[in-house]
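Participant: Sequence first, then the predicted structure, then my questions.
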Amino acid sequence: MSRRSSRTTPAPGAIRPTVTVCRGCCCGSPKIPGVDHAAQLRELRTALAEKATVRVTDCLDVCEHANVIVVQPSAEGRRAGGRPVWLGLVNDRDATASIATWVDDGGPGIAEPPGVLDLYTFSPSRRVRTELGEG
């Protein structure tokens, strides 16, 4: 099992959505060539500075989906039925921009994600979800 620097579960009652960007053993590394990983993180932080908490975590243990981004709902979004959305293979600027637009609009439970994000959505194993407190 990989070490994690933080959990992906937001603090109870998080006012804003939380965008967790994996930067572990595979995500954000030369193992995923042709991606400007620093620019991806910078773009998310810039676009969402006033709308969401963007944080980096160590390996989420879903390396086959690198680069991984988890979008967690705000407290309002969670009350409306929103749940964390796991996005994998986020290796192009258009996907990053679509994530930023969706979160800017409110994220899970508040706004429908752009249809293109269906191509990136996946469900991690029950073991991973349980370890992260989502299970």
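Facilitator: Okay, I see it.
Participant: Can you tell me, leaving aside adjacent residues, what's nearest to the residue minimising distance to the centre of the chain?
Facilitator: The centroid of the chain falls nearest to Val70 when counting by CA atoms, centre = their mean (2.1 Å). Among residues not flanking Val70 along the chain, Thr20 sits closest, at 4.4 Å (CB to CB, 6 or more residues apart in numbering). C-beta here means a position set from N, CA and C on the backbone, and glycine is covered the same way.
Participant: ok, now Cys59?
Facilitator: Closest to Cys59 by CB to CB, 6+ apart is Gly24, at 2.6 Å.
Participant: helix, strand or coil for the one you found?
Facilitator: With DSSP: H, G, I helix; E, B strand; the rest coil as the basis, Gly24 sits in coil.
Participant: wait, is the residue nearest to the centre of the chain part of a helix?
Facilitator: No. Counting by three-state DSSP, Val70 falls outside a helix, being strand.
Participant: quick one: it and Val90 touch, right?
Facilitator: No. Using CB atoms under 8 Å, Val70 makes no contact with Val90, being 10.5 Å away.
Participant: By mean pLDDT, point me to the weakest helix or strand of the protein.
Facilitator: Least confident helix or strand of the chain, by mean pLDDT, DSSP states H and E, is helix 126-131 with a mean of 78.
Participant: Pull out the buried positions in that helix.
Facilitator: Within helix 126-131, the residues scored as buried using 16 or more other CB atoms under 10 Å are 128, 131.
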